[in-house]
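Undergrad: This is the structure alone, sequence omitted:
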């Protein structure tokens, strides 16, 4: 079910407002607007914010249901750590600073370990094949 905030954002999208304009009108950040619109897209099964806004407008006019007939809205997966790359549910990287710090730490530890392992495997193959490393 859409929240009142998501509905108000979709109504503004129907008026061809951008995320930054919606943020100025409502007094929120444009990333929060994008996040709420993306959640509304997921709930409605829409591929774009304009399609979701049109679906809401049709529903409010009594034309159709705001939900797709073949799929019920589902809860997003509750992962302890969001992915740092764009996904279908989050086309924009909107990680909180703690998750950014966590991913930075993970990547800074895994990269040297991986490079060291690859170098050791390379040297092992060279020694097994009795080739000179340099």
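TA: Arrived safely, thanks for sending. For clarity, every value in this text was computed on a predicted model and none was experimentally measured. Numbers count the residues shown, from 1 in each chain.
Undergrad: in what helix or strand does the residue nearest to residue 47 when sequence neighbours are not counted lie?
TA: If you skip the residues right next to it in sequence, residue 47 has residue 41 as its closest partner in space, 7.2 Å away by Cβ to Cβ, 6 or more residues apart in numbering. For glycine as for every other residue, the C-beta is placed from the backbone atoms N, C-alpha and C. Secondary structure here is read from DSSP states H and E; on that basis residue 41 sits in helix 30-44.
Undergrad: can you tell me which helix or strand residue 59 belongs to?
TA: Using DSSP H and E, the element containing residue 59 is helix 49-60.
Undergrad: doesn't residue 52 make contact with the residue nearest to residue 47?
TA: Yes. A contact is recorded between residue 41 and residue 52 when judged using Cβ atoms under 8 Å, the distance being 4.9 Å.
Undergrad: Looking at the two, which is more packed in?
TA: Taking neighbours as other Cβ atoms under 10 Å, residue 41 and residue 52 compare with residue 52 leading, 27 against 23.
Undergrad: which residue packs closest to the more buried one, ignoring adjacent ones?
TA: Distances taken as Cβ to Cβ, 6+ apart put residue 46 closest to residue 52, at 3.8 Å, once the chain neighbours are dropped.
Undergrad: any idea which element that neighbour lies in?
TA: Using DSSP H and E, residue 46 is not contained in any helix or strand.
Undergrad: OK, contacts around it?
TA: With contacts taken as Cβ atoms under 8 Å, 6 or more residues apart in numbering, residue 46 has the following neighbours: 40, 52, 55.
Undergrad: Which of those residues sits closest to residue 109?
TA: For the contacts of residue 46, the minimum distance to residue 109 (Cβ to Cβ) is 37.2 Å, reached by residue 40.
Undergrad: Looks like that closest one contacts residue 8 (just checking).
TA: No. Residue 40 lies out of contact with residue 8 (Cβ under 8 Å); the separation is 10.5 Å.
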